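J.: Make a model of this:
(3 chains)
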Amino acid sequence: MAQLRMTGHRVLVADLRGETIRAVTGSMVAYEGDVTFKNAGMGGGDGFKAAFKRKMTGESLSFMEVTGHGSVHFAVDAQHITLVQLENDTMSVEASQLLAIDGQVRMDVKFSGLRGATSGQGLFTTTVSGTGTIALLSAGGPLIALGVTPQTPLVADPDAFVAFQGQLNQSFVTDVTWRSAVGGGSGEAFSLRFDGHGVVYIQPEER
Amino acid sequence: MVMEIENGKVLKTTITPGAQLTARKGSMLYYRGDVRFVPHSMGGGGAMPGFGAMAGAAGRMMQGEHVALMTVEGQGESYFGHDGLYIDIVQLDGANQLTVEASRLLAYEGYLQTAIVPLTQQGGMRGAVRGAVTGQGMFTTQLSGQGSVAVLSHGGTFSLEVGPGHPEVVVDPQAYVGHRGPITVDLTAKVGFRDVVGKGSGEATQLKFTGQGTVWVQASEQKF
Amino acid sequence: MSIQILDPSTLPTNDNLPGNSYAFCVDLDGTPWFTSKGAMIAYYGTVQFEPLSRTSVTGMVASQFSSPLYADDWVIAQGRGKLILGDRGFDINSFDLDEGNLTIRASSLLAFEPGLSLKQSIVPGFLTLLGTGKFLASSNGPVMFAEPPLRVDPQALVGWADTPAPSHHFDAEWMSSFLSAAAGFFGMDSGEERQFDFTGTGTVLIQSSEKVLDDTHMFRHVESQTASLSQVSLQQLHRSIGARLQQ
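T.: I've put the predicted structure just below:
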């Protein structure tokens, strides 16, 4: 696995010694050394079926494979970056908030249930599974990790949702009294509710 | 005259009689004391001599470069910020020049000399292409002398050294903030770049830095 | 390198999340809070949110909230739980008013306890809070507190407390230089010509940006004022807006 480190809170650095890391296309801001950047197949590079699903679902995830000997700096829109370890585990993540994956990690697209027609995010979620490091993006400030237990379920704004991990059941609730329907984005006509055992990641800013 | 970072997005300056500051018009947040703001002409130090025939073309090209400035003088404290962007202070020691795009300048000590220079000394087509690629106009600003310069960036900057041990540094044109020292900036069109260009920008070229000095890069692949 | 996982037992009580100046946790513990819609990004617990017009605590609303222009932006949160707030990536801070008087930009006020009463300020786009209690405000970059006398860019102003309302200050030097530079090099706006002047004692709250990202409150105020314009004035306004849009 590549050596990953942070420079400040918004720049991820990969020190490569022959390893390969996958990162979202266009996120490289600087590099030095002998490094090559290649489009990871038909976006995501995990088989034709996954790529086909992505095309069908409109999940706009386009990844590149970065390999070689040198240091590569990644950043996206001044968003905060958080590294999360995956240990033979699966994480569901909002496509736009995934920056990079490293190690034995697969990417896939799963059907996540019926949502409102207004949802720009479609009916599908990206999942990453295996063992390795995931770099997540959060807009508006550092990523927030909230634990969920059967005694403490969580309700969240879908536009602030980044990812979840664990034995969680995600459902859609129609109470949106507490959310703004105007200004700063269209706002979804539902809220997300999480029950079970796991962790939900959210960001301070609504998309 | 003192310049310091008040918080990531605010610059605090102490204004004293006889020591002027040049700042981006409209960027004053608040001030105390007897401070005056006077609009002044674009460019500060004026055009470099010997532009000759390019001057006419330069005038037209510079349309996009136009950033209005003002002189700040008097006695007191003045706080500046622009659009919630992050601020870094770069020190010039008299020996090395700072090259930075006009739209990224928040403020600088008034006695620094500024010049509008073409992006590449060779000029011509390559310079124009680089300008088009980076989204910068064909010209950029060079500051020289001894003093402080406050620079704007989206998300803050990190610096990379160019020199022994780091012969070549490549930077995304939208993320490039500025550089200091005798550095050569060139275009590079790496094979395969066209495939990995993001967000449909359609540009496959990057900026390549060689020589000796420091390059500042911001934490965002979108200019502002 | 591993992120701290928070839950209702570890979330702070009425404070910023650890290491996060952009997110705040309000502890709902039986007493209702006024919260602005859109400021909440998640919550734990059994919480009911009611719009001000259809609330079970109409008495409290009637006495504590008097701003019809903004009523739709607010809800009352009741119950027991933890509310997590985030606003456009702005810094969020809580402040305590003690028998105080604070005027704050409407789009910056996120939440307040009902010990405070809210009124619409005569200054367009601003609200006044009176009384004793906690309130939350957001700002572009950390809030700077400064004492008068000072002059501030109107758009960098977040609010002011226990100090006389500001007056306009026109920088004479700027105006005369501008007029003499009539070559048309500068636009009519976005200079330093208009400033708010604060004198006396008290505190002024200032943010890091001179650009207002969300001026819907200002727009609403201005729009409501046009109701009193004559036909002739409306046509003039129409022309000047048209000219502005052409720039």
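J.: Would you mind listing where chain B has pLDDT under the threshold?
T.: B:1, B:41-66, B:118-138, B:190-204 (pLDDT under 70).
J.: Surely C:Y70 and C:A106 touch.
T.: Yes: C:Y70 lies in contact with C:A106 (CB atoms under 8 Å); the separation is 5.9 Å. Just so you know, the C-beta spots here come from the backbone N, C-alpha and C atoms, and that holds for glycine as well.
J.: how about A:I144, what does it touch?
T.: A:138, A:201-204, C:6, C:17, C:20, C:23, C:42, C:84 (CB atoms under 8 Å, 6 or more residues apart in numbering or on different chains).
J.: and A:G196, how many residues sit next to it?
T.: 14 (other CB atoms under 10 Å in any protein chain shown).
J.: Would you mind measuring from it to chain B?
T.: 35 Å (CB to the nearest CB, to the nearest Å).
J.: Name the nearest residue to that residue, ignoring sequence neighbours.
T.: A:L168 (4.4 Å; CB to CB, 6 or more residues apart in numbering or on different chains).
J.: average pLDDT for the strand or helix carrying that neighbour?
T.: Applying DSSP states H and E as the criterion places A:L168 in strand A:161-173. Here strand A:161-173 scores 92 as its mean pLDDT.
J.: Quick check: next helix or strand after it?
T.: Heading C-terminal from strand A:161-173 (DSSP H and E), you reach strand A:191-202.
J.: CA atoms only: put that following strand into PDB for me.
T.: Extracted in PDB, the C-alpha atoms of strand A:191-202 (Å, rounded to 0.1, in the frame of the first residue of the first chain):
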ATOM      1  CA  SER A 191     -34.500  12.700   5.500                       C
ATOM      2  CA  LEU A 192     -32.300   9.700   6.100                       C
ATOM      3  CA  ARG A 193     -32.800   7.600   9.200                       C
ATOM      4  CA  PHE A 194     -30.200   5.100  10.400                       C
ATOM      5  CA  ASP A 195     -30.900   2.200  12.800                       C
ATOM      6  CA  GLY A 196     -28.700  -0.600  14.000                       C
ATOM      7  CA  HIS A 197     -25.000  -0.700  14.800                       C
ATOM      8  CA  GLY A 198     -22.500   1.400  12.900                       C
ATOM      9  CA  VAL A 199     -21.000   4.800  12.000                       C
ATOM     10  CA  VAL A 200     -22.500   7.500   9.900                       C
ATOM     11  CA  TYR A 201     -20.200  10.200   8.400                       C
ATOM     12  CA  ILE A 202     -21.600  13.600   7.600                       C
END
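J.: Going by contacts, tell me the helices and strands next to that strand.
T.: strand A:124-138, strand A:144-148, strand A:154-156, strand A:161-173, strand C:40-51 (3 or more CB pairs under 8 Å, 6 or more residues apart in numbering or on different chains; DSSP states H and E).
J.: hmm, try it at 10 Å
T.: strand A:80-93, strand A:124-138, strand A:144-148, strand A:154-156, strand A:161-173, strand C:5-6, strand C:40-51 (3 or more CB pairs under 10 Å, 6 or more residues apart in numbering or on different chains; DSSP states H and E).
J.: who does the last one touch, helix- and strand-wise?
T.: In this case it means strand C:40-51. strand A:144-148, strand A:154-156, strand A:191-202, strand C:20-29, strand C:33-36, helix C:58-64, strand C:74-86.
J.: just the angle between that strand and strand A:144-148, please?
T.: Per axes from the mean of the first three to the mean of the last three CA atoms, to 10 degrees, the angle that strand C:40-51 makes with strand A:144-148 is 70 degrees.
J.: chain center to strand C:40-51: distance?
T.: Distance of strand C:40-51 from its chain centroid, counting by CA atoms, centre = their mean, to the nearest Å, is 22 Å.
J.: just the helices in chain C please.
T.: Using DSSP state H, the helices of chain C run over C:58-64, C:172-180, C:216-225, C:231-246.
J.: And for chain B?
T.: B:54-61, B:124-134, B:193-196.
J.: Past the one helix or strand in chain A whose mean pLDDT sits lowest, which element shows up next along the chain?
T.: Within chain A, no helix or strand scores below helix A:48-57, which has a mean of 57 by mean pLDDT, DSSP states H and E. Toward the C-terminus, helix A:48-57 is succeeded by strand A:63-74 as the next helix or strand (DSSP H and E).
J.: so where's the chain shaky on pLDDT?
T.: Answering for chain A, as no chain was given. A:41-61, A:111-124, A:180-189.
J.: sorry, should have said chain C
T.: C:1, C:170-193, C:211-218, C:247.
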